[in-house]
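1. What follows is a predicted protein model with its sequence.
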Amino acid sequence: MSKQINVLFSSEKSEFSSSCVRRLEKSGMNVTVVDKNGLKIIDAIGKRMPDILIMEAFMAELDAIGVLKKLDTAFIAAKPIVCVLS
C-alpha cells in the first residue's frame with residue numbers, strides 16, 4: 001500500500017487554481033488549499049506537513065523567497081518539495 005501524497009496549494013481563487021486542484025485530486029493526491037499569504041503557508045506547513053508545496057512567487061505578508069528562507073531554518077522532519085508559480 002502506497003502512502004497518499006499530501007499537497008499544500010496556495011493561490012488566489014481562479015479557474016486555473018481550481019483546475020490544478022481538481023487534477024491533483026483526480027490523481028489521488030490529498031490537496032489542502034490555503035490563502036495566497038506567506039505567513040498562512042508557514043502556519044499550514046507546520047500543521048499539515050505536506051509532501052509538496054505549490055505557491056505563487058508574489059504573496060501578501062511574505063513572498064515565496066521568504067517562505068523558502070523560513071523553511072530552511074524550520075525544525076521540520078521532512079521538508080516539502082516546492083513548486084513556485086509565477
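-> Now that the structure is in, tell me what you want to look at.
2. okay, CA-based contacts and neighbour counts for the rest of this
-> Will do.
3. any weak-confidence spans in the protein?
-> Along the chain, segments meeting pLDDT under 70 span 1.
4. show me where it has helices.
-> When assigned using DSSP state H, the helices of the chain occupy the ranges 15-26, 38-48, 64-73.
5. what does the longest one contact?
-> Yep, that's helix 15-26 we're talking about. For helix 15-26, the surrounding residues in contact (CA atoms under 8 Å, 6 or more residues apart in numbering) are 9, 11, 30, 31.
6. Tally up the residues packed near residue 74, please.
-> The local packing of residue 74 (other CA atoms under 10 Å) involves 12 other residues.
7. Could you pull up the residues touching it?
-> Contacts were defined as CA under 8 Å, 6+ apart; by that measure residue 74 touches no other residue.
8. List phi and psi for it.
-> With angles defined as degrees, to the nearest 10, residue 74 shows backbone torsions of phi -80, psi 150.
9. and it, how far is that from residue 43?
-> As defined by CA to CA, to the nearest Å, residue 74 lies at a distance of 11 Å from residue 43.
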